[in-house]
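# coords please:
(chains A and B)
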Amino acid sequence: MRLPTQELFEKYQNNLYAVAFNVCKNAEDAEDVVQDTFIQYYSFKKQFDNEQHIRAWLIRVAINKAKNMNRTFWRKNKMSLEDYMETLTFETPESGELFEAAMNLPEKYRIVIHLFYFEDYTIHEIAKILKLSEGNVKVRLSRARSLLREKLQEEWENDE
Amino acid sequence: MTNKEKYKQAFSVLHTSGRISLEEERMIVMRKKARFQAAAAAVAVCLAFTGGGSIAYAADLGGVQRKIQLWVHGDQTDADIVYNASGSYDLWYEGTDGTREELHGGGIAIEEDGTERPLTEAEIMDHLNQPTVDYREDGSIWVYYYDQKTDITDRFKDGVCYVKVSNGETTLYMTILYQGGWCTSPHKYESPDSFS
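Coordinates of the predicted model:
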């Protein structure tokens, strides 16, 4: 099955942007990733089992494209994370601290944390999306939680 | 609040700027670009002939050097090729007038899941063995494929020429736009709209 590109765009553009930003740490690059991901969906005419299959595929493609973007020599002049954060309006100061702490984790931890806490994926699903073993995902998740706990202390509960 | 709720609240500030365009017209243009990239395995991008010049740098790149048989304008010739890890290649052969000719190119293949990889040696060879179209100075237009040379000068109708070429094993259907590129398929003549 397939769903119209525009419908998926309306529904998932911000999710893909968040996951791409998580990898790129750059707004312009993340927007390029979102656009390229939907163009890839539009172009390849791949068939899917259901909407969750499409969503997981879009996220996987966006992560891969964002990683490619990081490897590209010709990168845009980047706005620093700190400068970009100043343009964002966080609901509470704690939210801003959590955002900064998560974005300062190593990339391999950031992606796993994001898919687990933001996209509500299970360890099994994250392993499939990232093509990792479940054990590897568990280790990354555990280390990422420890680092967040260390940084945020009581603001990040021990939920292992 | 749970960690999950806190995380969602923190990252819910990320939104696209609204500048992303998914208009049908733009998507079609971008799809063609994507298709071109996807087809890079068969159609290596950035192909350029250069004449003369130093070739010393290629050896410094540490690529894999091989001797191959190359079809150039219908004639088979020996060539030296260096495959670089980046998916590019550097190739040298002796032209019909005895001069040393160089050919450089390369590209990437984009997999269905968005990952990029350098072209393999086999993919580069596939590319080098594709038919070519040559616009000669005398105004004639020729298609070359292995040992075949076909004069297609008078075969254009409304700027499009359809030619079937075969090397005995593989048959390819070529759609050629006058001064506008070409497309090959082992199955059928592709519509000019599909790649122009």
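# Can you list the low-confidence ranges for chain A?
Judged by pLDDT under 70, chain A has its weakly predicted residues at A:71-78, A:160.
# Break it into its domains for me.
With domains defined by automatic domain parsing, chain A comprises A:1-88, A:90-160.
# ditto for chain B
With automatic domain parsing as the reference, chain B has domains B:22-129, B:131-196.
# rank those by mean pLDDT and give me the bottom one.
Of all the domains of chain B, the minimum mean pLDDT falls on domain B:22-129 (a mean of 65).
# And B:Val82, which helix or strand is it part of?
strand B:75-83 (DSSP states H and E).
# What strands flank that strand, and is each parallel or antiparallel?
Its sheet considered, strand B:75-83 pairs with strand B:64-72 (antiparallel), strand B:88-94 (antiparallel) by DSSP bridges.
# To B:Leu91, which of the domains of chain A lies closest?
Comparing the domains of chain A against B:Leu91 with C-beta to C-beta, the closest turns out to be domain A:1-88 (24.1 Å). Any C-beta I mention is one placed from the backbone N, CA and C, and that applies to glycine too.
# The chain: helices as residue ranges?
You didn't say which chain, so I picked chain A. Using DSSP state H, the helices of chain A run over residues A:5-24, A:27-44, A:51-71, A:81-86, A:93-103, A:107-117, A:123-130, A:134-152.
# wait, chain B
Ranges of helices in chain B, per DSSP H, are B:3-11, B:24-38, B:56-60, B:121-128.
# ok so, going back, show me the one of the helices of chain A that comes nearest B:His73.
helix A:27-44 (34.8 Å).
# For that closest one, list the C-alpha coordinates in CSV.
Provided in CSV are the C-alpha atoms of helix A:27-44 (Å, rounded to 0.1, in the frame of the first residue of the first chain):
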residue,chain,number,x,y,z
ALA,A,27,18.3,23.4,10.8
GLU,A,28,19.0,23.9,7.1
ASP,A,29,20.6,20.5,6.7
ALA,A,30,17.7,18.9,8.5
GLU,A,31,15.2,20.7,6.2
ASP,A,32,17.1,19.4,3.2
VAL,A,33,16.9,15.9,4.7
VAL,A,34,13.1,16.2,5.1
GLN,A,35,12.6,17.3,1.6
ASP,A,36,14.9,14.7,0.1
THR,A,37,13.2,12.0,2.2
PHE,A,38,9.8,12.8,0.8
ILE,A,39,11.2,13.0,-2.7
GLN,A,40,12.6,9.6,-2.3
TYR,A,41,9.3,8.3,-1.1
TYR,A,42,7.6,10.0,-4.1
SER,A,43,10.2,8.6,-6.5
PHE,A,44,10.8,5.0,-5.6
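# buried set for the strand holding B:Val82?
Neighbour counts over strand B:75-83 (16 or more other C-beta atoms under 10 Å in any protein chain shown) mark B:79, B:81-83 as buried.
# do the same with stretch B:174-184
Applying 16+ other C-beta under 10 Å to stretch B:174-184 flags B:174-177, B:182-184 as buried.
# For the domains of chain A, please prepare JSON lines with the additional fields distance to chain B and mean neighbour count.
Below are the domains of chain A laid out as JSON lines (distance: least, C-beta to the nearest C-beta, whole Å; neighbours: other C-beta atoms under 10 Å in any protein chain shown):
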{"stretch": "domain A:1-88", "distance to chain B": "4", "mean neighbour count": "18"}
{"stretch": "domain A:90-160", "distance to chain B": "4", "mean neighbour count": "17"}
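# closest one to B:Glu137 among those?
When the domains of chain A are compared (using C-beta to C-beta), the closest one is domain A:1-88, at 36.4 Å.
# Now find how far off-centre the closest one is within its chain.
Using C-alpha atoms, centre = their mean, to the nearest Å, the distance from the centre of domain A:1-88 to the centre of the chain it belongs to is 9 Å.
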